[in-house]
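Participant: fold the following and give me the result.
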Amino acid sequence: MSIIKRNQPLLEVDHLVAGYGKSTVLNGISFRVTAGERVALLGRNGAGKSTLLLAISGLIPVRSGSVRFNGQDITNAKSRDIVASGLIQVLQGHRVFGPLSVEDNLLISIRTNDRGNSRELMEKAYDVFPELADRRHLAASRLSGGQQQMLAVSQGIVSKPTLLMLDEPSYGLAPVVVDRIFEVVREIAKAGTGVLVVEQLVSKTLRATERCYLLAGGVVAHSAASAELMGNETIQKIYFG
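Facilitator: Here you go, the predicted structure:
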């Protein structure tokens, strides 16, 4: 496997158009994420943020435009091949395997070539979310909604992604746990993992990321350094009310 250097182009989306049925949600979106970079996708509900992640992940078809990941064209590739390439999405709404234990949910998320380090990877997840360590043998369906969200994020962590896409990671979580997730985001980015975050908690997300794309009406309406948007009341009023 090739070594990816920080700031090397990782995800390149060009003029992407996608939607559902006859409805077009994304109207030609272009943006970039480099290795080790923390990037936010923000906008009002219905702006197309989650749809964009689904199109990148191969879960809905791309109608036109292209998606390149780590130098390879993955436009409309099979989702399992996209995952195998190291692009991992944590879906909105704690999607876990209910009948399986917490530990088994983590085990099946570890990629084949990392199975020899499975115990070490799981312990890292437990360090972040000790609530899961105490429930490692419990069926995921018996966890609270917030604990299931912790498990979903942990599945992304143990997969050792090259690029991790988080869709509403704060869903159902207490603020202190959300802070833990964003601390993990910073740590894995330091190791070279790119991170793309869709989130409604604007201030927390801007503090945890380096760059931000603002979506409105299915297009990128503005892009800037996250720190710049923190102090830009006009832009925040336009896009977030």
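
Participant: Phe69 versus the closest residue to Val184 other than its chain neighbours, what's the distance?
Facilitator: The shortest distance from Val184 to any non-neighbouring residue, by CB to CB, 6 or more residues apart in numbering, is to Val128 (5.6 Å). C-betas here are computed from N, CA, C, even on glycine. Val128 sits 26 Å away from Phe69, going by CB to CB, to the nearest Å.

Participant: ok, back up a step: ok, the residue nearest to Val184 - how many residues close by?
Facilitator: Val128 is flanked by 19 other residues according to other CB atoms under 10 Å.

Participant: same deal with the one 3 residues further on?
Facilitator: A total of 16 residues lie near Glu131 under the criterion other CB under 10 Å.

Participant: alpha carbons only: can I get the helix or strand harbouring it in PDB?
Facilitator: Using DSSP states H and E, Glu131 sits in helix 130-133. Output of helix 130-133 as PDB, limited to C-alpha atoms (Å, rounded to 0.1, in the frame of the first residue of the first chain):
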ATOM      1  CA  PRO A 130     -15.300   3.600  28.200                       C
ATOM      2  CA  GLU A 131     -19.100   3.300  28.200                       C
ATOM      3  CA  LEU A 132     -18.700   0.700  25.400                       C
ATOM      4  CA  ALA A 133     -15.900  -1.100  27.200                       C
END
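
Participant: who's in contact with that helix?
Facilitator: Helix 130-133 is contacted from outside by Val102, Ala125, Tyr126, Gln147, Met150, Leu151, Ser154, using CB atoms under 8 Å, 6 or more residues apart in numbering.

Participant: next, the buried residues of the helix or strand that comes right after that helix.
Facilitator: The element immediately downstream of helix 130-133 (helix or strand, assigned by DSSP H and E) is helix 145-158. Across helix 145-158, burial judged by 16 or more other CB atoms under 10 Å covers 146-158.

Participant: with the residues you listed in mind, which one is nearest to Leu138?
Facilitator: Taking CB to CB as the measure, Leu138 lies nearest Gln147 of those, at 9.1 Å.

Participant: the closest one is in contact with Arg135, isn't it?
Facilitator: Yes: the criterion here is CB atoms under 8 Å, and Gln147 meets it with Arg135 at 6.9 Å.

Participant: re earlier: could you dump the buried residues of helix 145-158 to CSV with pLDDT and distance to Gly46?
Facilitator: Shown next, in CSV, are these (pLDDT from 0 to 100; distance: CB to CB, whole Å):
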residue, pLDDT, distance to Gly46
Gly146, 86, 25
Gln147, 89, 29
Gln148, 91, 25
Gln149, 88, 22
Met150, 89, 27
Leu151, 92, 28
Ala152, 91, 23
Val153, 90, 24
Ser154, 92, 29
Gln155, 92, 27
Gly156, 91, 25
Ile157, 89, 29
Val158, 92, 32
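
Participant: and which of those residues is nearest Arg119?
Facilitator: Val158 (10.6 Å).

Participant: how about the nearest residue to the closest one, chain neighbours excluded?
Facilitator: Closest to Val158 by CB to CB, 6+ apart is Leu121, at 4.4 Å.

Participant: other SSEs contacting the strand or helix carrying the one you found?
Facilitator: Per DSSP H and E, Leu121 falls inside helix 118-128. Secondary-structure packing of helix 118-128 (3 or more CB pairs under 8 Å, 6 or more residues apart in numbering; DSSP states H and E): helix 102-107, helix 130-133, helix 145-158, helix 175-190.
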